[in-house]
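S.K.: With the sequence up front, the predicted model follows.
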Amino acid sequence: MIFFDTNVILDILDRSRDNHDKALMLLSAAQKGAIKVVATTQSIVDAAYVRTQTDKASLSDFRRVMAALCDIIAVCPVTSMAIEDANESALPDFEDAVQLSCAICEECEAIVTSDRKFKSFTTIPTYSVDEFYRVVFGE
């Protein structure tokens, strides 16, 4: 299982982001079954806020795309255990600590994120979209 952080979900949703094309290719690999991907409920909610409130994208468009996206990737809940783990974490960013707890709970083999802080707080291999794209597609 591969963990997609919120910024990867935003890369998929927003054509103007630098990693959009490669994130879409990773999503395509997940759709074809080459990789299994999980994201948290928090990432979906945060992506909704950023896209519809900050970026002013249409809520109906967001809902349509999210329905398709959730057919491809698994969505795991942020549980009270994840909150407890985050409270005890050395990670200085609470949201990152919650995401990392969820990745551990889902037994993820890798984390894909543009947030490089993850590498300092986990033994789970952590990649940028570009790095993981090269792992999957050998480029």
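M.R.: Perfect, I can see it now.
S.K.: Does Gln99 touch Phe4 like I think?
M.R.: No - Gln99 is beyond contact range of Phe4, at 9.9 Å (criterion: Cβ atoms under 8 Å). C-betas here are computed from N, CA, C, even on glycine.
S.K.: any common contacting residues for the two?
M.R.: The contact sets of Gln99 and Phe4 overlap at Ser43 (Cβ atoms under 8 Å, 6 or more residues apart in numbering).
S.K.: can you pull the contacts of Ile73?
M.R.: Applying Cβ under 8 Å, 6+ apart, we find Ile73 in contact with 4, 27, 30, 37-39.
S.K.: May I see the buried residues of the lengthiest helix in the chain?
M.R.: Longest helix of the chain, by residue count under DSSP state H: helix 59-72. Under the neighbour-count criterion of 16 or more other Cβ atoms under 10 Å, helix 59-72 has 62, 65-66, 69, 72 buried.
S.K.: Residues in contact with stretch 125-139: which ones?
M.R.: Outside stretch 125-139, the residues touching it (Cβ under 8 Å, 6+ apart) are 2, 8, 11, 19, 22-23, 25-26, 29, 34-35, 109-114, 116, 118-119.
S.K.: Let's see which of those residues end up in helices.
M.R.: Members of those lying in helices (criterion: DSSP H): 8, 11, 22-23, 25-26, 29.
S.K.: Quick one, which of these are buried?
M.R.: The neighbour count (16+ other Cβ under 10 Å) marks 8, 11, 22-23, 26, 29 as buried among those.
S.K.: so which of those would you say is closest to Glu84?
M.R.: Relative to Glu84, the closest of those is Val8; by Cβ to Cβ it sits at 25.3 Å.
S.K.: Now do that closest one against Arg116, distance only.
M.R.: 14 Å (Cβ to Cβ, to the nearest Å).
S.K.: Could you do Leu69 as well?
M.R.: Applying Cβ to Cβ, the value for Leu69 to Arg116 is 25 Å.
S.K.: With that, I have no additional questions.
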